[in-house]
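Chemist: with the input below, show me the fold.
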Amino acid sequence: MEELASIGLMPENWGGDVPVVQLQDLKANPHRSAKGTVIEAGLDKFKGPVATFIVQNGTLKKGDIIVSGAAFGKVRALFDEKGNRVDQAGPSIPVQVIGLDNVPIAGDEFEVVSSLDAAREKAEAHAVSLRKDHIAAQAGYGKVTLASLASAVSKGKSGLDVHQLNIVLKVDVQGSIEAITQALRVLPQDSVSLKFLLQSPGNVSTSDIDLAVVSEAIILGFNVKAPGPVKTYADNKGIEIRLYKVIYDLIDDVQNAMEGLLEPVEEQVTIGAAEVRAIFTSGSGRVAGCMVTEGKYVKDSGIRVLRNGKTVYVGVLNSLRRVKEMAKEVNAGLECGIATDDFNDWAVGDIIEAFKSVKKKRTLEVASATMAAAIERTQQ
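Modeler: As a prediction, the model looks like this:
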């Protein structure tokens, strides 16, 4: 910098406007076995597992035995950045490699080893270690709760269940992970949240099954396969593997799975209406003589008594008679006698609605709105 300043080039560090960059003196030995890092990996439908390495030391050659994380194999082909076949790649050279048995993870290191047995042993040891780490991290991982909703839930508010859907996602290439997760983010997750336990390229493996077992997860595969032995292993463990080639099918199934975790809501569906025309006294109490004006009346259905537009009773239709005979059902346009065990205060002109209770599946949107209202109540 003194020399630069002496000729009128003042460095920025000294208050001038000339940037000065010092280059690192990086060195590598091209005559040793290759080592480096995986910078990209994926699953090609024709080539199988494909990985792009950056060689950081040594020279990688066609025919070398390599191991990278839980993947290993013999280099069958090398391609440079232009897609041309090459026989070797030296330090600082990126190269696409074909020959691995599985898809490595971007960021993993690779190295050349002496034999396939040595490579297999290293890969299996890494896979076991990785599987133990995943299982230990997810063991006992269950449903989530929200402390802010504890009081509301304890009061029996309908629809305030909170769940988590655990997912193991296997894809063809790294880019598919981002595309799928972005598409899933638009789904409301106030009542059911999504937890990705694993997102990685490659076919479904037995280690994925083990992870799904301990974490109660579902396994989704996009443009990948589940080999026969893996499917058998999954069946024995009670784990379902869902494979997709269309991203929208995957999204639809995830939404259905999320909504399947929600408790259904009970709705009262009106099935008939009647008007009280007269009151009769029987040995068991008072009976309302009615004309069914809409729909039908069914014994043991729910009834709602309306007087001057206000509900005065809600209960069960215990007794239904038609021409003094017990009836199971009376249709519109016919007269009937109605009685209940715990209500006798009938009045001429009352409107009696008959209804049945049905359980209805909730959507994520409805659950989200219910949750927002509950949170607002707890904060008041």
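Chemist: spell out the residue ranges of the strands in the stretch 201-350 of the chain.
Modeler: 218-222, 241-244, 265-282, 285-298, 302-307, 310-316, 319-322, 325-326, 329-331, 335-339 (DSSP state E, counting those that start in this stretch).
Chemist: for residue 199, which of the ones you listed is the nearest?
Modeler: When the strands of the stretch 201-350 of the chain are ranked by proximity to residue 199, the top entry is strand 218-222, at 9.9 Å, counting by Cβ to Cβ. For the C-beta atoms, the positions are set from N, CA and C on the backbone; glycine is no exception.
Chemist: contacts for the closest one next, please.
Modeler: In this structure, residues lying in contact with strand 218-222 by Cβ atoms under 8 Å, 6 or more residues apart in numbering are 165-172, 176, 180, 203-204, 208-209, 212, 234, 239-245, 247, 250, 253-254, 257.
Chemist: ok so, going back, including mean neighbour count, could the strands of the stretch 201-350 of the chain go into JSON lines?
Modeler: Putting the strands of the stretch 201-350 of the chain into JSON lines (neighbours: other Cβ atoms under 10 Å) gives the following:
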{"stretch": "strand 218-222", "mean neighbour count": "22"}
{"stretch": "strand 241-244", "mean neighbour count": "18"}
{"stretch": "strand 265-282", "mean neighbour count": "15"}
{"stretch": "strand 285-298", "mean neighbour count": "18"}
{"stretch": "strand 302-307", "mean neighbour count": "18"}
{"stretch": "strand 310-316", "mean neighbour count": "12"}
{"stretch": "strand 319-322", "mean neighbour count": "19"}
{"stretch": "strand 325-326", "mean neighbour count": "8"}
{"stretch": "strand 329-331", "mean neighbour count": "17"}
{"stretch": "strand 335-339", "mean neighbour count": "20"}
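Chemist: out of these, flag the one nearest residue 48.
Modeler: Comparison of these against residue 48 by Cβ to Cβ identifies strand 218-222 as nearest, at 15.4 Å.
Chemist: partners of that closest one, with directions?
Modeler: For strand 218-222, the paired strands and their directions (DSSP bridges) read strand 163-171 (parallel), strand 241-244 (parallel).
Chemist: dump those strands to TSV, plus distance to residue 92 and mean pLDDT.
Modeler: Listed next are those as TSV, based on distance: least, Cβ to Cβ, whole Å; pLDDT from 0 to 100:
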stretch	distance to residue 92	mean pLDDT
strand 163-171	29	88
strand 241-244	39	93
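Chemist: got these as CSV, with distance to residue 356 columns?
Modeler: CSV is the format used below for the strands paired with strand 218-222 (distance: least, Cβ to Cβ, whole Å):
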stretch, distance to residue 356
strand 163-171, 28
strand 241-244, 35
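Chemist: low pLDDT regions in the stretch 1-150 of the chain?
Modeler: Low-confidence segments of the stretch 1-150 of the chain (pLDDT under 70): 131, 134-150.
Chemist: can you pull out the strands in it?
Modeler: Per DSSP E, counting those that start in this stretch, the stretch 1-150 of the chain carries strands over the ranges 35-44, 48-57, 60-61, 65-68, 71-79, 85-86, 88-89, 94-100, 109-113.
Chemist: go through the ones you listed and name the closest to residue 321.
Modeler: strand 35-44 (71.3 Å).
Chemist: check which residues of that closest one are buried.
Modeler: For strand 35-44, the neighbour count (16 or more other Cβ atoms under 10 Å) marks 35, 36, 38, 40, 41, 42, 43 as buried.
Chemist: how many neighbours does residue 352 have?
Modeler: In terms of burial, residue 352 registers 22 neighbours under the definition other Cβ atoms under 10 Å.
Chemist: to clarify, my last question referred to residue 49.
Modeler: Here the count is done by other Cβ under 10 Å, and residue 49 has 21 residues near it.
Chemist: check the gap between residue 357 and residue 338 for me.
Modeler: Residue 357 is 19 Å from residue 338, where distance means Cβ to Cβ, to the nearest Å.
Chemist: check contacts around the nearest residue to residue 254 once chain neighbours are set aside.
Modeler: Once its chain neighbours are removed from consideration, residue 254 has its nearest residue in residue 184; the separation is 6.1 Å (Cβ to Cβ, 6 or more residues apart in numbering). Shown here is residue 184, whose contacts under the criterion Cβ under 8 Å, 6+ apart are 194, 251, 254.
Chemist: name the member of those with the most neighbours.
Modeler: Highest neighbour count within the contacts of residue 184, by other Cβ under 10 Å: residue 254, with 21 neighbours.
Chemist: just checking, that one touches residue 189?
Modeler: No. Look at residue 254 against residue 189 with Cβ atoms under 8 Å: they stay out of range, at 11.0 Å.
Chemist: could you measure from residue 321 over to residue 61?
Modeler: Residue 321 is 95 Å from residue 61, where distance means Cβ to Cβ.
Chemist: any idea what residue 353 is bridged to?
Modeler: Once the bridges are assigned, which here means DSSP bridges, residue 353 pairs with residue 273, residue 304.
Chemist: quick check, pLDDT for it.
Modeler: Among the per-residue scores, residue 353 shows a pLDDT of 94.
Chemist: what's near enough to touch it?
Modeler: Counting by Cβ under 8 Å, 6+ apart, residue 353 touches 270, 272, 273, 303, 304, 306.
Chemist: ok, residue 64 next?
Modeler: The neighbours of residue 64, taking Cβ under 8 Å, 6+ apart as the test, are 33, 34, 74, 75, 112.
Chemist: burial of the residue lying closest to residue 70 once chain neighbours are set aside, as a residue count?
Modeler: Leaving out its chain neighbours, the residue that sits closest to residue 70 by Cβ to Cβ, 6+ apart is residue 127, at 3.8 Å. Neighbours of residue 127 under the rule other Cβ under 10 Å: 17.
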